[in-house]
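Undergrad: Dropping a prediction and its sequence here:
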Amino acid sequence: MKIWEIKLDIFWTDALIYLLAATAIAFFIYVRRHEHLRAPWRQIFRRRLAMASLVILSVYVVIGLMDSIHYRLPLNETDANHVTQYSPEILSLLDHVVTPLREGVEKSYSMPFATHLYTKETIELPDGTSRREYPRLLYGGAHLDNPESQWVSDVISISATGIFHGVIVSLVMITIFIIWLSRHYRQSVGMTVSHVIRGKTDVPWNVIFGTLSLLVILFFLALHLGGKYHILGTDKVGQDVYYLALKSIRTGLVIGTLTTLVMLPFAILLGIMAGYFRGWIDDIIQYLYTTLNSIPGVLLIAAFILMLDVLISNHPEWESFSDVNRRADARLLFLCIILGITSWTGLCRLLRGETLKLREVDYIQAAAAFGVHHAKIITRHILPNVMHIVLITVVLDFSGLVLAEAVLSYVGVGVDPSMNSWGNMINSARLEMAREPIVWWSLMAAFIFMFTLVLSANLFSDAVRDAFDPRIRKI
């Protein structure tokens, strides 16, 4: 199979993610060309916790982008017109990378690093009798002849191999970075190593290298162990929980980022208009977001999701609802839109108050006295001076939106049940925790992945707030 024979399958959320990534790159280029915008970011890059969090967030983003490249594989058969037929299964680049995890499906529950199923089954013996015991897994520990005596030594051996490979790769990466830094700072490699180790550089490269090395070692450790064992166990239908947790990263990132694309136009436009024009325009906008805030958010989201379900059931012939994956993607996009519509009011209120203050500043009053058009005053003077509020609000709301998806999926009005998400994992774990014996690893996996993402986002957002808020900015 050649790479050009693969058929790309782009979802709506995929296209929006690509647009958001292109916007982020354009924003980065724009910031590099303006010193007054580079100064706050330099302050962020000097903070140790912020840079460690940024490295972790970057890994999540890379996984999410890999899971947003969808395609179908060609089949070995063609139709009457000799047109290549494609598989109905839609895969992603992440699925290709973690193929052993995706294909290693067991019969039912199994604990992390287990070699047998979690529950006993009746097994018929060759002599015709039967007994109840724990059956061997099809993939987890299948290479062991005697798991009882070989399991401990095998796990230690594979872990040591993975850690060794991770250390080697991380040392190679750090060496390449050190050589680049020595050329950038125009000093010897030895002096650069000394400065990095002692933390004498402007950017805390020692923290960055340490965090990156830890993640690389964990990656190779999971890569080696995941090929032989289910490191986070399996769920009710035998799917690898570690694979489900990785696939849920994209859903969390989509909820946290695409919702921003919906929220920002409403908040920026209406907030600045209310504060600048005042009068009846301000009254209408205040009435609008006050009324919207009076409606319980969960009930509003549930109503719109139920309307979407009815629309999908009544129009299954639409291309956007043609298969299970597209229906799940449409529901995810619709959820982002609803969350954006219901979450713009807070930022709008902040921008209204800041615009009311800026409107009375001398240079804006002078521009209005000279007859400068209102649109030009807003775009040239007011909008640049409120962008720090927009940026701070966006990074602070990201973690809240990720948690909101988990809560909404838990109560049944979030993403489609067929889509991988931490909320669906927690929702399924609700029943697993009530059975005997308790199945705890699905809940633990969702908690670890979601906690790491939210904690990193919160630490990074604190640094962004300190750097861009003029009231506490360090001069």
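TA: Thanks, I have it.
Undergrad: Give the lowest-confidence helix or strand of this protein, using mean pLDDT as the measure.
TA: strand 74-78 (a mean of 70; mean pLDDT, DSSP states H and E).
Undergrad: Let me see the contact set for M263.
TA: 339-341, 343-344, 347, 397 (Cβ atoms under 8 Å, 6 or more residues apart in numbering). Backbone N, C-alpha and C define where each C-beta goes, glycine included.
Undergrad: coming back round to it: mind checking what helix or strand follows the least confident helix or strand of the chain in sequence?
TA: Where DSSP states H and E defines the elements, the next helix or strand beyond strand 74-78 is strand 84-86.
Undergrad: Could you tell me which strands that following strand is paired with, and in which direction each runs?
TA: strand 74-78 (antiparallel) (DSSP bridges).
Undergrad: Could I get the contacts of M263 in JSON lines, plus columns for distance to R183 and pLDDT?
TA: Formatted as JSON lines, the contacts of M263 follow (distance: Cβ to Cβ, whole Å; pLDDT from 0 to 100):
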{"residue": "L339", "distance to R183": "46", "pLDDT": "85"}
{"residue": "G340", "distance to R183": "44", "pLDDT": "85"}
{"residue": "I341", "distance to R183": "50", "pLDDT": "84"}
{"residue": "S343", "distance to R183": "45", "pLDDT": "83"}
{"residue": "W344", "distance to R183": "46", "pLDDT": "85"}
{"residue": "L347", "distance to R183": "43", "pLDDT": "87"}
{"residue": "D397", "distance to R183": "40", "pLDDT": "82"}
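Undergrad: Make a ChimeraX selection of the buried ones in those residues.
TA: Listed next is the ChimeraX selection for buried residues among the contacts of M263, using 16 or more other Cβ atoms under 10 Å:
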select :339,340,341,343,344,347,397
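Undergrad: between the contacts of M263, which is closest to L171?
TA: Of all the contacts of M263, L171 sits closest to D397, with 38.5 Å by Cβ to Cβ.
Undergrad: And the closest one, how far from V97?
TA: Per Cβ to Cβ, to the nearest Å, D397 is found 31 Å from V97.
Undergrad: And for the helix or strand encompassing L292, what's in contact with it?
TA: Using DSSP H and E, L292 sits in helix 279-294. The contact list for helix 279-294 (Cβ under 8 Å, 6+ apart) reads 270-271, 273-275, 341-342, 344-345, 348-349, 352.
Undergrad: which of the residues you listed has the most neighbours?
TA: For the contacts of helix 279-294, counting by other Cβ atoms under 10 Å, the largest number of neighbours falls to G271: 27 neighbours.
Undergrad: close enough to count as contact, that residue and R349?
TA: Yes. In this structure, G271 is within contact of R349 by Cβ atoms under 8 Å, at 7.1 Å.
Undergrad: what number of residues lie near D145?
TA: Look at D145: counted by other Cβ under 10 Å, it has 6 neighbours.
Undergrad: quick one: the strands in this structure?
TA: 7-8, 70-72, 74-78, 84-86, 91-92, 121-124, 130-133 (DSSP state E).
Undergrad: Which one of those strands lies nearest to L431?
TA: Of all the strands of the chain, strand 121-124 sits nearest to L431, with 20.5 Å by Cβ to Cβ.
Undergrad: which helices and strands does the closest one pack with?
TA: strand 130-133 (3 or more Cβ pairs under 8 Å, 6 or more residues apart in numbering; DSSP states H and E).
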